[in-house]
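Participant: Structure for the following, please:
(5 chains)
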Amino acid sequence: MKIGFYPGCSLKGTSREYNESVQAICKALDVELVTIKDWNCCGATAAHSMNRALSLALPARVLALAEQQGMDEIVVPCASCYNRLSVTQYELANDENLKKEVVDAMGLPYEGKVRILNVIQMIEKYLLDVIPAKVTSKFEHAVACYYGCLLVRPHKILNFDRVEDPQSMDRIISLIGGTPIDWGFKTECCGAGLSVSRTDLVAKLSANIVKDAADRGAKAIIVACPMCHSNLDMRRPDINEVLDSPIDIPVLYITQAIGLAIGLSVEELGLQRHFVKVNL
Amino acid sequence: MENKDSISRRLKAATGIDTALCYQCGKCSAGCVLADDMDFPPSYILRLLQTETPDSDRAVLTSNAIWICLNCENCIGRCPKEVDIPSMMDFLRAESRKAGLVSPKAKTVIAFHKSFLEQVRDTGRLYEVGLEMAYKLRTFRIFQDVKLVPSMLAKGKLHFLPEKLSDTSVMKNLFQRISGKEDTK
Amino acid sequence: MSKIGVFVCHCGENIAATVDCEKVANTAAKFDGVEFATDYKYMCSDPGQNLIKNAIKEHHLDGVVVASCSPRMHEPTFRKACSEAGLNPFMCEVANIREHCSWVHEKGDATTQKAIDIVRGLVEKVSRDHPLESIHVPITKKALVIGGGIAGIQASLDIANAGHKVILIERDPSIGGHMSQLSETFPTLDCSQCILTPRMVEVAQHPNITLYTYAELEKLEGFIGNFKATIRLKAKSIDEDVCTGCGTCTTKCPTKKIPSEFNQGLGNRTAIYVPFPQAVPNKPVIDKDHCLHYQKGVCGLCEKVCPTHAIHFGQDDSFITEDVGAVVLATGFNVLNTDFFPEYGYGKYKDVITGLQFERLASASGPTSGEIRRPSDGKIPQKIVFIACAGSRDPAKGIPYCSKICCMYTAKHAMLYQHKVHDGESTVFYMDIRAAGKNYEEFVRRAIEEDGVNYVRGRVARVYEKDGKLIVKGVDTLLGAKPVEIEADMVVLATAGVANAGAEELAQKLHVSYDPYHFFAEAHPKLRPVETNTAGIYLAGACQAPKDIPDTVAAASGAAVKVAGLFSQPDLVREPIIAKVNRMPPPVFSTCVGCFMCETACPYNAIEREEIKDRRSGKVIKTIAKVNPGLCQGCGTCVSFCRSKSIDMQGFSNEEMFAEVQALLED
Amino acid sequence: MSETNQEFEPRIVAFVCNWCTYAGADLAGTSRLKYATNVKIVRFPCTGRIDFMLLLKAFEEGADGIIVSGCHPNDCHYTSGNFHARRRWTVFRGLLDFMGIDVRRIHFTWVSAAEGAKWADIVNETVADIRALGPYDEYKSIASNFEKEAAK
Amino acid sequence: MSKLSEKAAALLSEGTVGLVIGYEQGTHGTRPKFCRKAEDAATLILNDKCLNNIGGYLTKPELIGSGKVAVTATLAVMRTVVQLTAEHQLTDGNVIVLALDGDEVLQMASIDEIKKWLAAHPEDLSDENKALLSKLKALSREERWNFWINEMNKCIKCYACRASCPLCYCNRCIVEVNCPQWIKPWAAPLSNMEWQINRVMHMAGRCVGCGACDRACPVHIPLRLLTISMAGDIKEAFGVASGTGNIDGNVLSSFKPDDKENFIH
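Facilitator: Below is the predicted model of the structure:
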């Protein structure tokens, strides 16, 4: 099984453990990820905050490259990239003029037919059936699945899971032996793009999330977005400054949780790279 | 008095978003994670735009709210009238910069976005060390997050050499063609 | 050659001031076919009318044109006069030379000429007019009322008290409808059941009313005055004639955990059940879907314990047909399912309930005997939040319209809560308070001013549960959209009112139009609010749009008066200004080719199919269109649509209109 | 009214429905509004009843202009006659235009029973428009042509 | 024997149908062929030379009697069958349509099948028609008037357009109505034009675009342009394709409250 793969910048930098764990479980479960050659950044929050055309041209180029390289389906683990790529595909499909403008700017033919999967969709589509047989050590922890914004919204475009109270990650966690808790901040924003420029706000928002998870007995938070991860993990000192008492529950990517369940090592999954120590 | 050049009208012409649809139920503000930190929460911004007066328009463009909006899309997901507030915020940010009315409080945000895009333009990808450095130079926040650096390096999260596209002119050309149409500065 | 009389009225000076009436009469006298023409000061006066009558007799006139004011004013007057003189009233036409001529033009030749032209047009028309007879349609003086809520009850009683027979059918095992579920009613706070139950009993005992519960309309054929209704009587699995309603069966039934529809799932019922203690009729039915006997072939306990042997397993649905002359639709409304609002957690959190569930909690006959206790743990909520417009005015997820009743019932709920939980805190999140009604605004103010209900203007974004509390994230838009967070013990959603399940299907069965939300459409939004486009079918209550009890009862009485008015006539008399499909001698029979394109053009479903059969063999030779004179309202859309000109319209026929247009333009 | 002999007086027929426009024209009368005498009204139960052939007959008989008027959408006494009429006029108008018939001479309008003033305006505007267009000689010529041939 | 002939012969010999209407080669182009026996079917052909719309015969009871009939069908004939059925002139299932899909013979017995086939095989205007239409539309109104009056002058009121049209099946045509005499019976530009306006208006939403009227005209008036132009107007104004057998009503006997009305003031 081969699928196109768009890592995005985060997975090559601050979130390399996400990349490592995605690659590791895919390898273990016989799915080959073929990286789009010569991919570029999707532009993330910065582009659409500053320039609409640019915010569409950057993802469009990625999609055009995938088409050019014969991929009809790509997996995009980064929730932000997934969101930008999906929104771009939608907007260009619904506005011929815009499409023309963007195609002219990037200078590549563009059809808009590539299927874009986030990591959960990829797992559901290709791994769900094979995981149970490979589970060697059940992931027996109570965890809070945190979806954030970009995976589920805007629902009209992404059409993934339920926009309020999504369940897909919870189902995966149950499948590998874990106990997903019911909590109140599954899709509340962590502050995402303001991580560097307004750390104060990010700390406040992320603190709400971490606190609710911990209060309800979660032993870890499970995410599928590098930005959520870095805000909840790397920014934990800032978060703990906001909180009355520090909280030290770790933040794992869903791929890392799966990896642990199917017996991959800490290093294979990049768990040693986390700021909040993973002691599950 | 009719204000033909109001933001509401230009917004509608450019994006199809109609501020008149908003009936001020406030559900967007109720669900906005940053409403408390905004000078004008989203529904308030819409109310200001609905008045179509120069004073209100100015208040919107100089507001801090448009810059701390995270585009988390909670508002549109719940808006009974499906007013696309996130896209409206994108539009307002562009208008604010065009008019030179950016809130002083938002400088750091813009500086970050600019640095980010410069990285993408130059290398095709986000080069985080470069981004940090450019951002710090812009904001004079030389020591922000400095304590993170050693551990990031130790955890293999920072590289000192950027990853690049095979041909970096591709990106420069793309930026140039787009910028010809719209202000990216 | 026709003999037409032309009568030019001066209307005092109203016409004569600008039109030379004498000249009009003199000119008209020379028109082909005009036998007699004259002018007179006041044609509508008694002497004027006598002038016409005498001329008809004297000159043996076969057509009359009165040139006077608008036909919308005096056409009936002059037609009646003609009729009294022995001339068919439809041989009289009115030429409007006042509103359309003398009043809008200056005095002058052009004005007089225009009056002459108008008269000429109508002279030509009248010479082609045919005597027409009013249409008489017999009426079956029995009404069918569909739906046994307060609307159906009121309509039935009013019609029955006017002396006419009524068949009342109700889908559920008991009449009473939503009103029987309510606790107290706004704005008086009198107990709903206390005022409803006597009416329910009255229905059951009224000699003119035949009640069928657990029954649905299967089919309706025919037209005004002459409907034939087929009614499905769903199997109750009991013999009602034998059952005494002693209740032994319901106490013994082992299947006890079925969520009670009447209690909105807040309580349980058995498989053989009476929906509520005051039910009419107070006899049980067996819910086949949940009964062990029907589902698994075991049990049969009720059959064994029934002292009168009234249980009849294996009963099938049966059908009856009834001839009725009018139908009243009173099928009511429903409350919108709240699943589409996942952000409010309905269905996920037990203590997030709908307004109708709150009614059951507040009702003395409800699962908590009227104490406000939350469903999850039975505790009395100390903080309660009411969310208005849960689904209403929400085109994205709910319905775009205002449900009208929620503002009032929410105020009532908050008030009832404060009356029952004195130290409790209640908050209402609202967008606008719509309290237009007698004593309504005062009622809402009382809730705020006397009962201390906290009204916050803003919508709630989401509700989530933490540590046994429901965290309500709302906003106060009057404080500059300031977020408001309340830790509540219970949340009540003022769910929208929507059309009842199956409304669309029923409308199609009855050929009644309905709006995009499946509410039945009235014939005219202002002037014919209780009639439908299908003659003889009337609307009562919330099947038309969300309505409160006073409006529902008023509409029901309105519909009843329409029915009683119809039934007060010996038969149905209608103006013969209707369309007609031509008939010809064999072998043509009619020039209609039966394309039935007129069928969809007719707003009244008046086009029927008529099979022309060979008299001997009975074989169908041809199927042609036929206009049902009971249904046709005479708009004439079909007439101008018919390619072969096989449909024509009496009183506005092709020949008449053609002649009028030609004559108007003659020099 | 002061009329010069040179001024062309167009002949115009109005096809109107009984419930809205006819009543609107009545209102113009009861309000004593003044308008040109050129327009003569034919009363129909509904715009749905107005046969397109009658419009052609009006031109044939020498009309220079035509007004067609009924209830505003959603106000039809018969609920949908005007909707049917509207479709008919859309198609008819397109066909006439394609055949070179001057559709500027047919004014379609909605006038309600309350719009007496609108009716007066419509009449005056139509008269002015048709006056500007001049007599419909094109059509009349083939009409008289046919008369001539018929006489042969 | 061609596959088409075999199929037609089989239908006849099995007794499935009593009549197959099709085409055969004549001296001057193709001509209709009525096969009542299996051997009649031997000469059947179906190709792009088969231009006459034989669908028109289906509404002639004196020809087809009351049994089942098969018709070899071009797209225009199929549209005719669909439209006539929607107008209750044919009974769904009583007409078997034989069409060609490459070399294969398709047998369609239900309107749904035919509709599906038609939906999958849209027929665009020919380039020639498109060009003519845009040429006419580009003319000034006066020029169009002169063009058509000139054409109408030629008309001899033979009613071949009516006779050839598969959808002109009225027992009594409006031209035969004399009370009132809507259209003067003699040939003159005005009454000729009125006749055409009537004929075309009666085709609104119904015309199947076979062009039979045009081909039948002995004086070569480009009649098809009238219906083509109208069908275009209808498509643009109401989004409805003409002659598709809409069972919910003809374009003129149905409506939408928000139909456009830019010409009504």
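
Participant: what number of residues lie near C:Leu292?
Facilitator: Burial of C:Leu292 is recorded as 15 neighbouring residues (other CB atoms under 10 Å in any protein chain shown). Where you see a C-beta, it was placed from the backbone N, CA and C, and this is true even at glycine.

Participant: could you list every residue that touches it?
Facilitator: Neighbouring residues of C:Leu292 by CB atoms under 8 Å, 6 or more residues apart in numbering or on different chains: C:Pro254, C:Thr255, C:Ala271, C:Val298, C:Cys299.

Participant: Tell me which two in those are the farthest apart.
Facilitator: Greatest spatial distance in the contacts of C:Leu292: C:Ala271 and C:Val298, 12.1 Å, computed using CB to CB.

Participant: May I ask which helix or strand encompasses the nearest residue to D:Ile41 once chain neighbours are set aside?
Facilitator: Counting by CB to CB, 6 or more residues apart in numbering or on different chains, the nearest residue to D:Ile41 once its immediate chain neighbours are dropped is D:Ala14, at 4.7 Å. Under the criterion DSSP states H and E, the helix or strand holding D:Ala14 is strand D:12-17.

Participant: What's opposite the residue nearest to D:Ile41 in the beta bridge?
Facilitator: Here D:Ala14 sits in beta bridges with D:Ile41, D:Ile67, as judged by DSSP bridges.

Participant: quick one: which of C:Ala271 and C:Val298 has more around it?
Facilitator: Of the pair C:Ala271 and C:Val298, C:Ala271 is the one with more neighbours under other CB under 10 Å, namely 27 against 9.

Participant: shaky segments in chain D?
Facilitator: Filtered on pLDDT under 70, chain D yields the residue ranges D:1-6, D:145-152.

Participant: at 90 what do you get?
Facilitator: Low-confidence segments of chain D (pLDDT under 90): D:1-7, D:19, D:31, D:73-80, D:112-114, D:140-152.

Participant: got it, and chain B?
Facilitator: In chain B, residues with pLDDT under 90: B:1-5, B:15, B:70-73, B:77, B:104-185.

Participant: Get me the contact residues on it for chain C.
Facilitator: Residues of chain B lying close to chain C by CB under 8 Å from any CB of the partner chain are B:23-32, B:35-36, B:40-44, B:47, B:74, B:78-82.

Participant: Just give the number of residues close to A:Leu269.
Facilitator: Should you count by other CB under 10 Å, A:Leu269 turns out to have 26 residues around it.

Participant: do the same with the one 3 residues further on
Facilitator: Counted with other CB under 10 Å, the neighbours of A:Gln272 add up to 14.

Participant: Quick check: it touching A:Val266?
Facilitator: Yes: counting by CB atoms under 8 Å, A:Gln272 does reach A:Val266; the two are 5.9 Å apart.

Participant: hang on, the earlier thing: now the contacts of C:Leu292 as a markdown table including secondary structure?
Facilitator: Formatted as a markdown table, the contacts of C:Leu292 follow (DSSP: H, G, I helix; E, B strand; the rest coil):
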| residue | secondary structure |
| --- | --- |
| C:Pro254 | coil |
| C:Thr255 | coil |
| C:Ala271 | coil |
| C:Val298 | coil |
| C:Cys299 | coil |
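
Participant: so which of those comes closest to A:Met169?
Facilitator: Top of the list for closeness to A:Met169, among these and by CB to CB, is C:Thr255 at 39.0 Å.

Participant: backbone phi and psi for the closest residue to the closest one other than its chain neighbours, please?
Facilitator: The spatially closest residue to C:Thr255, leaving aside those adjacent along the chain, is C:Ala271, at 4.1 Å (CB to CB, 6+ apart). Listed backbone geometry of C:Ala271 is phi -70, psi -40, with angles given as degrees, to the nearest 10.

Participant: Quick one: residues contacting C:Ala271.
Facilitator: C:Cys253, C:Thr255, C:Ile258, C:Ile286, C:Asp287, C:His290, C:Cys291, C:Leu292.

Participant: Got a PyMOL select line for the buried ones in those residues?
Facilitator: Selection command for PyMOL covering only the buried members of these, criterion 16 or more other CB atoms under 10 Å in any protein chain shown:
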select buried, chain C and resi 253+255+258+286+287+290+291
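
Participant: In this structure C:Ala625 contacts C:Ile612, no?
Facilitator: No: because the distance of 11.4 Å does not satisfy CB under 8 Å, C:Ala625 is recorded as not touching C:Ile612.

Participant: ok, these two, which is more surrounded?
Facilitator: Applying other CB under 10 Å to C:Ala625 and C:Ile612 shows that C:Ala625 carries more neighbours, namely 25 against 16.

Participant: mind checking the SS state of that one?
Facilitator: C:Ala625, by the three-state scheme (three-state DSSP), is strand.

Participant: Filter the contacts of C:Ala271 down to the ones in helices?
Facilitator: Among those, the subset assigned to helices under DSSP state H consists of C:Leu292.

Participant: Serialize the contacts of C:Ala271 to JSON lines and add fields for pLDDT.
Facilitator: Written out in JSON lines, the entries for the contacts of C:Ala271 read as follows (pLDDT from 0 to 100):
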{"residue": "C:Cys253", "pLDDT": "95"}
{"residue": "C:Thr255", "pLDDT": "93"}
{"residue": "C:Ile258", "pLDDT": "95"}
{"residue": "C:Ile286", "pLDDT": "96"}
{"residue": "C:Asp287", "pLDDT": "95"}
{"residue": "C:His290", "pLDDT": "95"}
{"residue": "C:Cys291", "pLDDT": "95"}
{"residue": "C:Leu292", "pLDDT": "94"}
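
Participant: Of the contacts of C:Ala271, which is the nearest to D:Lys40?
Facilitator: When the contacts of C:Ala271 are compared for distance to D:Lys40, the smallest value, 70.2 Å, is given by C:Asp287; criterion: CB to CB.
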